[in-house]
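Trainee: Okay, here's the prediction I keep looking at, along with the sequence it came from:
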Amino acid sequence: MVAFRAEPCTWRVISSCARRPDRRCRLGIAVLARLVSIVALRPRVLRFTGRRRPAVLASVTAAATAFGLVAVGGLASPASATPDPDGTPITPAQYTVVDFDSQSPAYPAPPALDGTALGAIDDDYSSQWTTAYSDGASAPGPHWITLDVGGSFRLTGLDYSVKDQYNGPIKDFEVYATDDPQVAGSATADWGAPVATGAFSAPTSSSQVQTVLFESPLQARFVRLVSESTFNTGNIAAASEIRVRATGDTTPQQPPAPPQATPVGLSNGNGLMVQVGEEFPQVVSYDLGGKTIAGQPERLSRFTINGDSHVATTTMTSTDDRATYVSTFADLPHVRITSTITVTDDDTVQFAVTGIDGSDADTVDMLSIPDHSLVAVDSADPAAQLARTKISADSTTTADRFIPITASTATDSGPVGTPYGFVTGSQLSAGIITNATED
Ligand SMILES: [Ca+2]
């Protein structure tokens, strides 16, 4: 077992500090000697990053902020408009990646997409989604990628392309489709029966398109391609381009609301109620004496380990005041992360990574949770503000920073070291301390 040396990061929920950031000292929080907290990287978001070893701070936040699946826009030309009784490929410009089990780092480096999941939808046959690998092998499959095709359409099939090379071509596959964003956003949800199964042929060129027709057309927005086997023994699955075919109108539609965490209530029995996620170690919201402040209501599923994103399968158990999470990873089968969220008697909530176990635990050098947002305020709240002290050797001026969070608040371009931070809404303030970074 590898001990996780970082102490729990803690933050206090306090009342009556709205609009009064100058009252922060009443918290009596000493400036701790061995911590750095990173806050307010963008409106509504407060990130937490943790690690086991000191490292360059910028690299941590870069790793966290680099993660994120975004729509690829402006890259694609319209797909062929050739009439097709089996449907027409939906233009790649309106796809987004919802989820995947594994991806490689961008090659040669961002903003290149080769290797990443976005490489499957960038309308470029020279870039491809490739599952993470080392020494020429990925973790055993099945591997999968889930796409949002930009609307709920009458889907008829899927086009698959992959680079004509040794590693990557998928052989046996299954395709699933759903209109349910909750299913699509979950790594473990039941998609029902596949809409297509079969085996691809080994590619004859990197732009070869292999079309799979669904057993019957269906109305759906989300499609998951599952690689059950590959053409070599390395288990590396790849797709240079994926198109989903549809009939009828495929005009882009508004995206559905993101999946929400299933809240589970914790309480200290003294007025502080904390809703935590059932599916992932995250705080959904806080309620102190009827006043509230937000956490992260959108359901999370990923850890970033050594800079790579990994979907976790998490089980949670809880008592009145503590939730304990055990997270495992399909693509890191020998790493297990245990974490807790605890509500204490003095209205403090602690998030702690309490263990990193497994035979590969020694390989975990850096750990972060993208979009963790332990505390968040909305720019629509006129009282929304972040207070932080920037570490500085300049004794001639104040190091305090009070930053209103508005729709025009700029995202920090990089990490800002601070010993503590205070996030304030119209009802509650939260003071945050963490020792999860530098000693
Ligand atoms: Ca591509």
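Mentor: Structure's in. What do you need? Numbering: from 1, shown residues only.
Trainee: Quick one: residues contacting the residue lying closest to Asp99 once chain neighbours are set aside.
Mentor: Residue nearest to Asp99 in three dimensions, not counting chain neighbours: Thr146, with 4.6 Å by CB to CB, 6 or more residues apart in numbering. In this view, the C-beta of every residue, glycine as well, is placed from N, C-alpha and C. Taking CB atoms under 8 Å, 6 or more residues apart in numbering, we find Thr146 in contact with Val97, Val98, Asp99, Phe100, Ala184, Phe222, Val223, Arg224.
Trainee: Pull the number of nearby residues for the fifth one.
Mentor: Meaning Ala184. For Ala184, the count of nearby residues is 24 (other CB atoms under 10 Å).
Trainee: does it really touch Tyr176, like I thought?
Mentor: No - taking contact to mean CB atoms under 8 Å, the distance of 9.4 Å between Ala184 and Tyr176 leaves them out of contact.
Trainee: Report the separation between Arg243 and Met316.
Mentor: For Arg243, the distance to Met316 equals 38 Å [CB to CB, to the nearest Å].
Trainee: One more: Thr324?
Mentor: Distance of Thr324 to Met316, given as CB to CB: 7 Å.
Trainee: returning to what we had before: Arg243 and Met316: which has the busier surroundings?
Mentor: In this comparison of Arg243 against Met316, neighbours counted by other CB under 10 Å, the higher total goes to Arg243 at 27 against 19.
Trainee: give me every residue that touches that one.
Mentor: For Arg243, the residues meeting the contact criterion (CB under 8 Å, 6+ apart) are Ala79, Pro89, Ile90, Pro92, Leu158, Asp159, Val209.
Trainee: So which residue of this structure lies furthest out from the middle?
Mentor: If you look at how far each residue of the chain sits from its centre, by CA atoms, centre = their mean, the farthest one is Thr396, at 40.9 Å.
Trainee: Quickly find the element holding that residue.
Mentor: Using DSSP states H and E, Thr396 sits within no helix or strand.
Trainee: now swap in Thr411 and tell me
Mentor: Element membership for Thr411 (DSSP H and E) is empty, with no helix or strand holding it.
Trainee: And it, what's its pLDDT?
Mentor: Among the per-residue scores, Thr411 holds a pLDDT of 71.
Trainee: list residues touching both of Ala184 and Tyr176?
Mentor: For the pair Ala184 and Tyr176, residues contacting each of them under the criterion CB under 8 Å, 6+ apart are Arg224.
Trainee: Please name the bridge partners of Ser327.
Mentor: Listed beta-bridge partners, Ser327: Thr314, Ile337 (assigned using DSSP bridges).
Trainee: Let me see the contact set for it.
Mentor: Applying CB under 8 Å, 6+ apart, the residues near Ser327 are Phe280, Pro281, Phe303, Ala312, Thr313, Thr314, Arg336, Ile337, Thr338, Ser339.
Trainee: Now a ChimeraX select for only the buried ones of those residues.
Mentor: To isolate the buried members of these in ChimeraX, using 16 or more other CB atoms under 10 Å:
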select :280,281,303,312,314,336,337,338,339
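Trainee: Would you state the helices of the stretch 251-400 of the chain in chain order?
Mentor: Assigned helices in the stretch 251-400 of the chain: none (criterion: DSSP state H, counting those that start in this stretch).
Trainee: how many neighbours does the closest residue to the ion within it have?
Mentor: Using CB to the ion, the single residue of the stretch 251-400 of the chain nearest to the ion is Ser309, 18.7 Å away. Other residues lying near Ser309 total 25 when counted by other CB under 10 Å.
Trainee: That one touches Asp371, doesn't it?
Mentor: No - taking CB under 8 Å as the definition, Ser309 is not a contact partner of Asp371, at 11.2 Å.
Trainee: Test my guess that Lys291 contacts Gln427.
Mentor: Yes - counting by CB under 8 Å, Lys291 does reach Gln427; the two are 3.9 Å apart.
Trainee: out of the two, which sits in the busier spot?
Mentor: Here Lys291 and Gln427 are compared on neighbour count by other CB under 10 Å; more neighbours surround Gln427, at 20 against 16.
Trainee: who are the neighbours in contact with the residue nearest to Asp114 when sequence neighbours are not counted?
Mentor: On the basis of CB to CB, 6+ apart, the spatially nearest residue to Asp114 that is not a chain neighbour turns out to be Ser127, at 4.0 Å. The neighbourhood of Ser127, defined by CB under 8 Å, 6+ apart, consists of Ala112, Leu113, Asp114, Gly115, Gly119, Ser240.
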